[in-house]
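Visitor: Let's see this in three dimensions:
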Amino acid sequence: MTKLRKQMIGELQLRNCSEATIDSYVHVVERFARFFGKSPADLGCEQVKEFLLHLKNNKKCKWSTLQVNRAALRFLYVRVLKQDWLKTRFLSPSGVRICRRC
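Guide: Numbering: from 1, shown residues only. Now for the predicted structure:
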């Protein structure tokens with residue numbers, strides 16, 4: 001288990017998240033990292049946007065799936081990696097932009 005995964009699980013447990021939520025969020029981050037072949041710590045706003053658009057346009061994911069993916073990535077970047085760009089600039093999947101920096 002990577003240090004980042006342990007850190008994320010710990011943060012989720014501190015917030016009293018259910019095992020289902022923890023498993024779901026970890027799975028989303030794992031897919032995100034595998035999609036780019038890099039650690040999420042090395043990725044940023046453009047990659048989050050690209051991944052969510054991939055899920056919407058190529059995988060034809062439903063709104064609820066996009067919301068879970070968005071929430072998991074937001075949790076990772078805001079709570080675990082302490083990157084404010086996602087906290088203040090991240091719009092819902094129905095929004096045109098994911099963040100102002102993109």
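Visitor: what about Arg15, distance to Ile9?
Guide: 11 Å (Cβ to Cβ, to the nearest Å). The C-beta positions use only the backbone N, C-alpha and C, and glycine is treated the same way.
Visitor: so who does Gln7 touch?
Guide: Residues near Gln7 by Cβ atoms under 8 Å, 6 or more residues apart in numbering: Val80.
Visitor: Within the helices and strands, which one has it?
Guide: helix 3-14 (DSSP states H and E).
Visitor: what comes up buried for that helix?
Guide: Across helix 3-14, burial judged by 16 or more other Cβ atoms under 10 Å covers 4, 8-9, 11-12.
Visitor: and Cys17, which of the three is it?
Guide: Counting by DSSP: H, G, I helix; E, B strand; the rest coil, the backbone at Cys17 sits in coil.
Visitor: And for it, the neighbour number?
Guide: By other Cβ atoms under 10 Å, the residues close to Cys17 number 16.
Visitor: got it, and the one 5 residues further on?
Guide: Residues near Ile22, counting by other Cβ under 10 Å, number 16.
Visitor: Pretty sure it sits against Gly10.
Guide: No: taking Cβ atoms under 8 Å as the definition, Ile22 is not a contact partner of Gly10, at 10.0 Å.
Visitor: ok now whatever helix or strand Glu50 lives in, how far from the chain's centre?
Guide: Assigned by DSSP H and E, Glu50 belongs to helix 45-57. Offset of helix 45-57 from its chain centre (Cα atoms, centre = their mean, to the nearest Å): 10 Å.
Visitor: Give me the below-cutoff pLDDT ranges for the protein.
Guide: 86-102 (pLDDT under 70).
Visitor: one more time with 90, if that's ok
Guide: Scanning the chain for pLDDT under 90 picks out 1, 45, 83-102.
Visitor: Columns distance to Asp84 on top of the buried residues of helix 3-14, output as JSON lines?
Guide: Output for these, formatted as JSON lines (distance: Cβ to Cβ, whole Å):
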{"residue": "Leu4", "distance to Asp84": "18"}
{"residue": "Met8", "distance to Asp84": "18"}
{"residue": "Ile9", "distance to Asp84": "22"}
{"residue": "Glu11", "distance to Asp84": "16"}
{"residue": "Leu12", "distance to Asp84": "20"}
